[in-house]
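[1] Mind folding the following:
(chains A and B)
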Amino acid sequence: EPEVTQTPSHQVTQMGQEVILRCVPISNHLYFYWYRQILGQKVEFLVSFYNNEISEKSEIFDDQFSVERPDGSNFTLKIRSTKLEDSAMYFCASSEIQVTSYEQYFGPGTRLTVT
Amino acid sequence: DAKTTQPPSMDCAEGRAANLPCNHSTISGNEYVYWYRQIHSQGPQYIIHGLKNNETNEMASLIITEDRKSSTLILPHATLRDTAVYYCIVRGGGRGSTLGRLYFGRGTQLTVWP
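    Below you'll find the predicted structure:
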């Protein structure tokens, strides 16, 4: 069964450093998302992406964040200058098409630790 | 999207049916009810969704009341691997980029015991 994959599974970085989290969505999916979950808290939406541009972003997704689909398979989340409060699990998701209803399929997540 | 209310925790004996309730009294006509679960910090997993009719798949059944103000997710024969946080999410249907995001609440922590 096709699945969303994410790399790395765990990333440790120092405050102020740039990180890139990578995702490979399911191959025929057209919509891509990033969510994050700070330890012990809710899963929070960050951004959605379709047709090579951002469809929607939350208030969390500020200028420090960017997303890109550099080729036909990868979908990346970049944090330009990490802060301690960026430590969280980051989940990528994809969905086939937005019609009357659809499902989002999530990857296993990348645990980001900022020290 | 309509707000949902779920009990914070439930438990269930292995092999028995787990019935997880969700209230969504402000649901509007074009909004669907989705259920996801999250097993210990893994990525959320889609379970099932419905609009007004009851739905069943290989994982679970979804019972939506006639007035659509509440629903119940049924795991017919719970196993230890079903221990997870279960999220009930209401969201609109139809095309449109603003309908993409999922709002996760606190969900219900289901513990299946042997």
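
[2] Now tell me which helix or strand of the chain has the poorest mean pLDDT.
    In the absence of a named chain, chain A is used. strand A:53-57 (a mean of 91; mean pLDDT, DSSP states H and E).

[3] hm, I was asking about chain B
    Lowest-scoring helix/strand for chain B, mean pLDDT, DSSP H and E: strand B:84-92, at a mean of 91.

[4] Direction included, what does that one pair against?
    Paired with strand B:84-92 in the same sheet, following DSSP bridges, are strand B:31-38 (antiparallel), strand B:108-113 (antiparallel).

[5] tell me the centre residue of chain A?
    Nearest to the geometric centre of chain A sits A:W34, at 3.0 Å (C-alpha atoms, centre = their mean).

[6] and the gap between it and chain B?
    Using C-beta to the nearest C-beta, to the nearest Å, A:W34 is found at 11 Å from chain B. Every residue, glycine included, has its C-beta placed from N, CA and C.

[7] Next up, the contacts around that residue.
    A:W34 makes contact with A:L21, A:C23, A:L46, A:V47, A:V67, A:L77, A:Y90, A:F91, A:C92, A:A93, according to C-beta atoms under 8 Å, 6 or more residues apart in numbering or on different chains.

[8] These into CSV, with extra columns for neighbour count and pLDDT?
    Output for the contacts of A:W34, formatted as CSV (neighbours: other C-beta atoms under 10 Å in any protein chain shown; pLDDT from 0 to 100):
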residue, neighbour count, pLDDT
A:L21, 23, 98
A:C23, 26, 97
A:L46, 22, 96
A:V47, 21, 95
A:V67, 22, 97
A:L77, 25, 98
A:Y90, 22, 98
A:F91, 27, 98
A:C92, 28, 97
A:A93, 27, 95
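
[9] Of these, which are in range of chain B?
    A:F91, A:A93 (C-beta under 8 Å from any C-beta of the partner chain).

[10] which one of the contacts of A:W34 sits closest to chain B?
    A:F91 (4.9 Å; C-beta to the nearest C-beta).

[11] That's all I had, so thanks and see you.
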